[in-house]
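> Test case, fold it:
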Amino acid sequence: MTTSYRRARNTRLTVLGRALAVALGVSLLAAGCGSGTPTADSGGSSGGASTAPSGSIEASSPDTTAPVNGGTLTFAVANDPINLNPSGTGSGNDTWYVTRQIVDSLTEQDPATGEVIPWLAQSWQISDDAKSFTFTLRPGVTFSDGTPLTAAVVKANFDDIQAAGAKSSAIAALTGYQGTTVVDDATFTVVFSTPNAAFLQATSQVGLGPVALSTLAIPYDDRAGGQGVIGTGPFTVDHYTKNTEVVLNKRAGYDWGPKDRQHTGEAYLDQVTFKIVPEPGVRTGSLQSGQLQVIGGVAPQDIERLSGAGQELVIRPNPGVVFGLTGNESRPLVSDPAVRQAIGLAVNPQDVVDTALNENFKVATSVLGENTPGWVDLSADLVHDPEQAKSVLDAAGWTVGADGIRQKDGQRLHLVVAWIGNFGPNQTALELIQQQLKDVGIEIELVTGTVPDILAGQKDGKYDLTWGNLSRADGDVLRVQYSTKATNYAKIDDPALEEALQAQQATADPAKRAAFQATAQKILIDKYYVIPVHELTTVLGTAPAVHGVVLGADSRLSQLTDAFVTTQ
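Have a look, this model is predicted:
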């Protein structure tokens, strides 16, 4: 059973104000495929779920500019990466933009098809019960320190993540990890105590990208600064100055990029400098003035400004969990179903999109974004009705105080909402939601911080609600977020939800997985564990001389091996 791998064309997206969606099919290996060659099963699903939603992106013709070797690309991101250890916890997308350049992955998820294709692993086999994954490595791959990539090194990396536990952003991918058996230098088998059908797709993510044994010898927390972080990727770390920049140098001899890239060999660029520029207006102005060549996190209000000024835009809707409010069930007020329901009824997502975003961002139709395999349209269940919200609170005994904020048994209906400043419109969106909730008698206090700070606060139960999202091109992202056996910062303890989340991981059948994921989405919305608000769309701005900047299947920056600059 074989699959041919189509080389995706790089396109620039310059037509704005259109509906943005990507047809992204489910990409799963047929369990027990005898040849050990990856295969894909894309298409429909049961239970009303869709694995490949319709839609289109209007794009310009493929970029046919002849590549140019050499030069430096200066790329501005909004947040300090915090941690250059690929499996560590950093600042989210901006961290992964950097670490993706340093490490490769066992597999790649083709952004054009959603298919999982070979990268460092040239083939694999999965047991019928999805508990055993045997990979064969591509020959000739080396780390930038010259040491070879072997099965023993991959095993050491997985064991390292397991030992790091909650310190690692990749730990949820190894749920049930029993160990890795080295068969020979090129072959290894990863074994789980319970089925893990999502593991194959997880091996395409940055967090499971292998680093050299010399890196693993460094204490886990000491790798954050990047010195000594050695990967097999096309760039190496020159230096990292916190809150200022990360400078990466081209690695000579790189020759093993995945086949969905235009260019699988050495990077064209000699150097990439990631500048930390928190203010979106400064990023935009610096791109227009020529001080920067690429900027991330283009503010919605700047999209048309940049396009009208001749700057190119790279745009892709994000798969995964949408932006919204998630309650912490360990907090007494949020554990009250009436309070959660009132919040859900009071929030007006359309107003948030119209005020804080623009037509390039969609109102959420479920907990998952539309281009996520396993997404199901639950828009009919997402009702905005502030009068009903008031009635729900009245019936639950929450009475309106003199200042308009409700009280019950002497306790004020005051909720702490945490958010991370890694997406510019977050503050505007939350200030609008703050007013919407105040109108029904709910007071919210907004608290912000870095990704590690907010995650630690969630874990410790410091916040009633958290605002955020999580991009991943697989519906298993629901398990990562909400299972009691994964991160579950929301502290949800719902047997029916847990059953659906575990069941979708335990079957390699795409239709069955989608049905279980649909059930999980329905529970999360019906019980107001999550209040979905809007989908995320990633927008990068590039100077006209910049070519080959591409977003991956998860709508994060892909490796910059295709990128080049025609003028300096």
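> From Gln521, how far out is the spatially most central residue of the chain?
The geometric centre of the chain, computed from its C-alpha atoms, lies nearest to Ser471 (CA atoms, centre = their mean), at 2.4 Å. Using CB to CB, to the nearest Å, one gets 16 Å for the distance from Ser471 to Gln521. For every residue, glycine as well, the C-beta is placed using N, CA and C.
> Show the residue spans covered by the helices in the stretch 351-500 of the chain.
Here the stretch 351-500 of the chain has its helices, by DSSP state H, counting those that start in this stretch, at 386-395, 426-438, 451-459, 477-482, 495-506.
> so which of these is the most packed in?
Using mean count of other CB atoms under 10 Å, the stretch among the helices of the stretch 351-500 of the chain with the largest mean neighbour count is helix 477-482, at a mean of 27.
> average model confidence for it?
Helix 477-482 comes out with an average pLDDT of 94.
> I'd like to know which elements it is packed against.
Contact partners of helix 477-482 among helices and strands, from 3 or more CB pairs under 8 Å, 6 or more residues apart in numbering; DSSP states H and E: strand 321-327, strand 465-470, helix 495-506, helix 510-526.
> just those: most buried one?
strand 321-327 comes out most buried of those by mean count of other CB under 10 Å, with a mean of 27.
> relative orientation of the helix or strand of the chain with the lowest mean pLDDT and strand 465-470 in degrees?
Every helix and strand in the chain was compared by mean pLDDT, DSSP states H and E; the lowest is helix 451-459, with a mean of 85. Using axes from the mean of the first three to the mean of the last three CA atoms, to 10 degrees, the inter-axis angle of helix 451-459 relative to strand 465-470 is 130 degrees.
> Give me the secondary structure label for the closest residue to Tyr177 other than its chain neighbours.
Counting by CB to CB, 6 or more residues apart in numbering, Gln162 is the residue found nearest to Tyr177 once chain neighbours are left out, at 5.4 Å. When states are read from DSSP: H, G, I helix; E, B strand; the rest coil, the local structure at Gln162 comes out as helix.
> so Gln162 touches Gln178, yeah?
No - contact status for Gln162 versus Gln178: not in contact, 9.7 Å apart, counting by CB atoms under 8 Å.
> neighbouring contacts of the least confident helix or strand of the chain?
Counting contacts by CB atoms under 8 Å, 6 or more residues apart in numbering, the residues outside helix 451-459 that touch it are 79, 82-83, 89-92, 166, 328, 418-420, 422, 447-449, 463, 466, 468, 489-490.
> how about a cut-off of 10 Å?
Under the contact criterion CB atoms under 10 Å, 6 or more residues apart in numbering, helix 451-459 has outside partners 79, 81-83, 88-95, 166-167, 169, 224, 326, 328, 330, 416, 418-422, 447-450, 462-463, 465-468, 487-491.
> now could you export just the CA positions of that helix as PDB?
What follows is helix 451-459 as a C-alpha-only set of coordinates in PDB (Å, rounded to 0.1, in the frame of the first residue of the first chain):
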ATOM      1  CA  VAL A 451       2.700  31.700  28.600                       C
ATOM      2  CA  PRO A 452       4.600  29.900  31.400                       C
ATOM      3  CA  ASP A 453       3.200  32.200  34.100                       C
ATOM      4  CA  ILE A 454      -0.400  31.800  32.900                       C
ATOM      5  CA  LEU A 455       0.000  28.000  32.600                       C
ATOM      6  CA  ALA A 456       1.400  27.800  36.100                       C
ATOM      7  CA  GLY A 457      -1.500  29.900  37.400                       C
ATOM      8  CA  GLN A 458      -4.000  27.700  35.600                       C
ATOM      9  CA  LYS A 459      -2.400  24.600  37.100                       C
END
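> and the angle from that helix to strand 321-327?
Following the same axes, to 10 degrees, one obtains 40 degrees for the angle between helix 451-459 and strand 321-327.
> what about the nearest residue to Ile230 once chain neighbours are set aside, distance to Ala224?
The spatial neighbour of Ile230 that comes closest, neighbours along the chain excluded (CB to CB, 6+ apart), is Ala212 at 3.9 Å. Counting by CB to CB, the separation of Ala212 from Ala224 is 17 Å.
> higher neighbour count, the two?
Ala212 (24 against 19; other CB atoms under 10 Å).
> Quick one: residues contacting that one.
Counting by CB under 10 Å, 6+ apart, Ala212 makes contact with 103, 142-149, 153, 156-157, 228-232.
> and the gap between it and Ala252?
Counting by CB to CB, the gap between Ala212 and Ala252 amounts to 17 Å.
> just Gly226 next, same as before
As defined by CB to CB, Gly226 lies at a distance of 19 Å from Ala252.
> got it, and Leu382?
Using CB to CB, Leu382 is found at 52 Å from Ala252.
> ok, these two, which is more surrounded?
The residue with more neighbours, out of Leu382 and Ala252, is Leu382; 18 against 10, by other CB under 10 Å.
> What residues does the more buried one make contact with?
Applying CB under 10 Å, 6+ apart, the residues near Leu382 are Gly344, Leu345, Val347, Pro349, Val363, Ala364, Thr365, Ser366, Ile525, Ile531, Pro532, Val533.
> Can you report how many residues lie near the first one?
The one in question is Gly344. Taking other CB under 10 Å as the neighbour definition, Gly344 ends up with a count of 26.
> So for it, what pLDDT did the model give?
At Gly344, the predicted lDDT confidence score is 98.
> do the last one as well
Each residue has a pLDDT score; the one for Val533 is 98.
> Can we start the residue count at 2 from this point?
Okay, using 2 as the starting number, the last item reads as Val534.
> hang on, isn't Lys488 packed against Ala171?
Not Lys; residue 488 is Thr. No - contact criterion CB atoms under 10 Å: Thr488 and Ala171 do not qualify, at 11.3 Å.
> more crowded one of the two?
Looking at Thr488 and Ala171 with other CB under 10 Å, you find the greater number of neighbours at Ala171, namely 22 against 19.
> Check the burial of the closest residue to Leu358 other than its chain neighbours by counting its neighbours.
Of all residues not flanking Leu358 in the chain, Pro301 sits nearest, at 4.8 Å (CB to CB, 6+ apart). Using other CB under 10 Å, the number of residues around Pro301 comes to 19.
> next one: Gly405
Under the neighbour criterion other CB under 10 Å, Gly405 is assigned a count of 12.
> same deal with Glu446?
12.
> Quickly list what it is bridged to.
Per DSSP bridges, the residues bridged to Glu446 are Val417.
> Would you confirm that it contacts Ile406?
No - Glu446 is not in contact with Ile406 according to CB under 10 Å; the separation is 11.6 Å.
> Now do the shared contacts for the two.
By the contact definition CB under 10 Å, 6+ apart, Glu446 and Ile406 are jointly contacted by His415.
> Most distant residue from the centre of this structure?
Here the centre of the chain is the reference, and by CA atoms, centre = their mean the most remote residue is Ala403, at 43.5 Å.
> Quick check: it vs Pro387, distance?
When Ala403 is compared with Pro387 (using CB to CB), they lie 20 Å apart.
> repeat for Thr327
Counting by CB to CB - Thr327 and Pro387 are separated by 21 Å.
> Likewise for Tyr221?
Noted for Tyr221: a distance of 48 Å to Pro387, by CB to CB.
> ditto for Lys409
Plainly put, Lys409 is 19 Å away from Pro387 if you go by CB to CB.
> what stretches of this structure score poorly on pLDDT?
Low-confidence segments of the chain, defined by pLDDT under 70, are located at 2-63, 569.
> Tell me which residues touch the closest residue to Thr520 other than its chain neighbours, please.
Nearest residue to Thr520, sequence neighbours excluded (CB to CB, 6+ apart): Ala501, at 4.2 Å. Taking CB under 10 Å, 6+ apart as the definition of contact, the neighbours of Ala501 are 479-480, 483-484, 495, 516-525.
> 6 Å instead?
In this structure, Ala501 makes contact with Phe517, Thr520, Ala521, judged by CB atoms under 6 Å, 6 or more residues apart in numbering.
> Kindly report the same for Ser559.
Contacts of Ser559 were listed using CB under 6 Å, 6+ apart, and they are Val551, Gly553.
> From Thr237, how far off is it?
Using CB to CB, Ser559 is found at 18 Å from Thr237.
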